[in-house]
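Novice: here is a sequence with its predicted model. Questions after.
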Amino acid sequence: MENKFKVRVNNFLDFEIDKKQSESLDVIQQKNSNYHILHNNRAFKAELTQSDFDKKQYTVIVNSNTYQVKIENSLDQFIEEIGYSMNSTKKLNLIHAPMPGIIIGIKVQEGDNVKEGDTLVILEAMKMENAITSSKDAVIKSIHAKTGDSVEKNKLLIELE
């Protein structure tokens, strides 16, 4: 499979970028979620304000303009091409860390009712905040992490019932 990414901005503009192009971007992280970008001899200030790692959706402010960005990799595109949907996967009761990081917020308590898509945990990884959301309507059975914990990829964070 090729390393091409399909990028959709504001549900309007679509384009593709390959791995080589993404690696050649002139981007400098200034602090936390703020970046300085040079492209075609023009400077841009960018800030990543929201990210949903599981859905590959991000909100980015570039030179005071806000953009909703969705990124699909080759596998996502292939799955869509053959007629499957990532949303049709089994809805699990166990919520695991998708990557190593630090828990900077837990938005629920045991016994809380949550809806599909509700934010459960905020995980900081590579200086970006990632919202980990509920995969279904459920009740929080147990929480296996606390704010400030360092977690490894696949660490159990929350059990749903």
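Specialist: Sure, I can see it.

Novice: list the buried residues of stretch 49-57.
Specialist: Across stretch 49-57, burial judged by 16 or more other CB atoms under 10 Å covers 51-53, 56. To be clear about C-beta, it is placed using only N, CA and C from the backbone, and glycine gets the same treatment.

Novice: pick out whichever of those sits closest to residue 100.
Specialist: residue 53 (12.2 Å; CB to CB).

Novice: local confidence estimate at that closest one?
Specialist: On the pLDDT scale, residue 53 is placed at 75.

Novice: ok, now residue 20?
Specialist: Reading off the model, residue 20 has pLDDT 84.

Novice: hmm, back to that, can I get the buried residues of stretch 49-57 in CSV with distance to residue 76?
Specialist: Shown next, in CSV, are these (distance: CB to CB, whole Å):
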residue, distance to residue 76
51, 16
52, 14
53, 13
56, 7
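
Novice: my guess is residue 4 meets residue 15, correct?
Specialist: No: counting by CB atoms under 8 Å, residue 4 stays clear of residue 15, with 10.6 Å between them.

Novice: out of these two, which sits in the more crowded spot?
Specialist: residue 4 (15 against 9; other CB atoms under 10 Å).

Novice: now the more buried one: closest residue in space, sequence neighbours ignored.
Specialist: residue 18 (5.0 Å; CB to CB, 6 or more residues apart in numbering).

Novice: neighbours around that neighbour, how many?
Specialist: Going by other CB under 10 Å, the residues that sit close to residue 18 add up to 13.

Novice: that one and residue 24 touch, don't they?
Specialist: No: with contact defined as CB under 8 Å, residue 18 does not count as touching residue 24 (9.9 Å).

Novice: how about residue 151, what does it touch?
Specialist: 97, 100-103, 123, 145, 157 (CB atoms under 8 Å, 6 or more residues apart in numbering).

Novice: again, 7 Å this time
Specialist: With contact set as CB atoms under 7 Å, 6 or more residues apart in numbering, residue 151 has these partners: 97, 100-101, 103, 145.

Novice: shaky segments in this structure?
Specialist: The chain contains residues with pLDDT under 70 at 1-2, 77, 79-91.

Novice: tell me the residue furthest from the middle of this structure?
Specialist: The centre of the chain is farthest from one residue, residue 41, which by CA atoms, centre = their mean lies 29.4 Å away.

Novice: which ones among the contacts of residue 151 map onto strands?
Specialist: The strands, defined by DSSP state E, take in 101, 103 from the contacts of residue 151.

Novice: okay, among the contacts of residue 151, which ones form the most distant pair?
Specialist: Top of the distance list for the contacts of residue 151 (CB to CB): 100 and 145, 12.6 Å.
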